[in-house]
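# For reference, the sequence and a predicted model appear below.
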Amino acid sequence: AGTHKSISGPHQKGGRPLMSNPYFDFGAFLEAFPKLLSLLPYTLFTVCIILVLSLVFAVLLVWLRLRKNKIVSGIVRLYIMVIRGIPLMLLLFVVYYGLPVLLQLWGINTANIQPLPFVIVAFTLSTSAFEAEVIRAAYESIDQGQMEAAQSLSLPAASSFFHILVPQIFVLALPNLGNLIITAIKQSSIMYTIGVMDIYQKARTLSADHFGVWQLEIFLALMFIYWGVALLIDFAIAKLYKKMLIYIP
């Protein structure tokens, strides 16, 4: 029998190849998983940072948009409309190439800054705009009598919003926020375009290291990993939403 090629060596069992197929190498497919999964924690950690920052920013945007100041509210609406209309990859390039120019005007040298902070900035700006719309919709579904009751007790508007309404808003917005979390994980695959080594870039590297021989096997394994992560998040969000819904008056 001929030599059986693989990502890290022959797949041999009793001196014979596990599989011989000119179109799909199942052994290479299985070998791709541990190599790709080694970068999954880094990818998920980066996405977690983005989600936390974008969520905080989104809540701030909603709070500013709901103010009676028409100028501030209009600026926030314009920001959300513009950011939602820009493709994330394009925004990433604008931040990556444009932010250093802006910082240089203030005397800040960005030559030694790694690409990851630019990824976090671009993703935070983009994700926060979509999250702000989800949070606003959840806010509008809440009985506004609660805010009126808080005002009758002379509670500050900001305190009432963040302590009374925000917890309810998060519960009501949870299903849609879960979809945005899954979307953020999938969109993280474009980080490689500015040189960040994530799970998607690892797949590209593996494919290049073997001259594209196992492209199908490697990227199919990557697809299953993304799919598995999405299923776990969807399951966790559904369970959490069902558990937290009882706290909504």
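Structure's in. What do you need?

# Confirm that I108 sits in a strand.
No - going by DSSP: H, G, I helix; E, B strand; the rest coil, the assignment for I108 is coil, not a strand.

# how about the helix or strand A236 falls within: buried residues?
Take DSSP states H and E as the rule and A236 turns out to sit in helix 215-244. Neighbour-count burial for helix 215-244, with 16 or more other CB atoms under 10 Å as criterion, is recorded at 217-219, 221-222, 225-226, 229-230, 237, 241. For the C-beta atoms, the positions are set from N, CA and C on the backbone; glycine is no exception.

# Just give me the closest of those to S38.
Within those, the smallest distance to S38 is 11.2 Å, found for I225 (CB to CB).

# pLDDT wise, what is the closest one at?
Looking at I225, its pLDDT is 96.

# Provide a list of residues in contact with it.
Counting by CB atoms under 8 Å, 6 or more residues apart in numbering, I225 touches 33, 36-37, 40, 199.

# Between those residues, identify the one with the most neighbours.
I199 (25 neighbours; other CB atoms under 10 Å).

# For that residue, give me the backbone phi and psi.
phi -70, psi -30 (degrees, to the nearest 10).

# go on, D198?
Per-residue torsions, D198: phi -120, psi -170 (degrees, to the nearest 10).

# and it, how far is that from I49?
According to CB to CB, to the nearest Å, D198 and I49 sit 13 Å apart.

# Ok, P34 next?
In terms of CB to CB, P34 sits 25 Å off from I49.

# between those two, which one's more packed in?
Comparing P34 with I49 by other CB under 10 Å, the one with more neighbours is I49, at 15 against 11.

# if we can go back for a sec, out of the buried residues of helix 215-244, who's nearest S160?
Distances from S160 to those, taken by CB to CB, are shortest for Y241, at 24.3 Å.

# these two touch, right, the closest one and F170?
No - at 10.2 Å, Y241 and F170 do not qualify as touching, with contact defined as CB atoms under 8 Å.

# how many neighbours does T127 have?
As a burial measure, T127 scores 25 neighbours (other CB under 10 Å).

# list the contacts for it?
Each residue near T127 by CB under 8 Å, 6+ apart is listed here: 50-51, 54, 58, 180, 184.

# Relative to L55, how far out is it?
Going from T127 to L55 by CB to CB gives 8 Å.

# for this structure, what spans make up the strands?
Remark: strands assigned in the chain by DSSP state E are 12-13, 16-17.

# ok now do the spatially closest residue to A111 that is not a sequence neighbour, which residues does it touch?
Sequence neighbours aside, P100 is the residue nearest to A111 in space, at 8.0 Å (criterion: CB to CB, 6 or more residues apart in numbering). Contact analysis of P100 by CB under 8 Å, 6+ apart lists 110-111, 113.

# Do a quick rundown of the helices in the protein.
Secondary structure of the chain (DSSP state H): helices located at 26-37, 40-65, 70-84, 88-105, 116-140, 145-152, 157-160, 166-187, 199-209, 215-244.

# Need the winner for burial among those helices.
Of all the helices of the chain, helix 116-140 carries the top mean neighbour count, a mean of 21, counting by mean count of other CB atoms under 10 Å.

# How far does that helix sit from its chain's centre?
Remark: helix 116-140 is offset 10 Å from the chain centroid, using CA atoms, centre = their mean, to the nearest Å.
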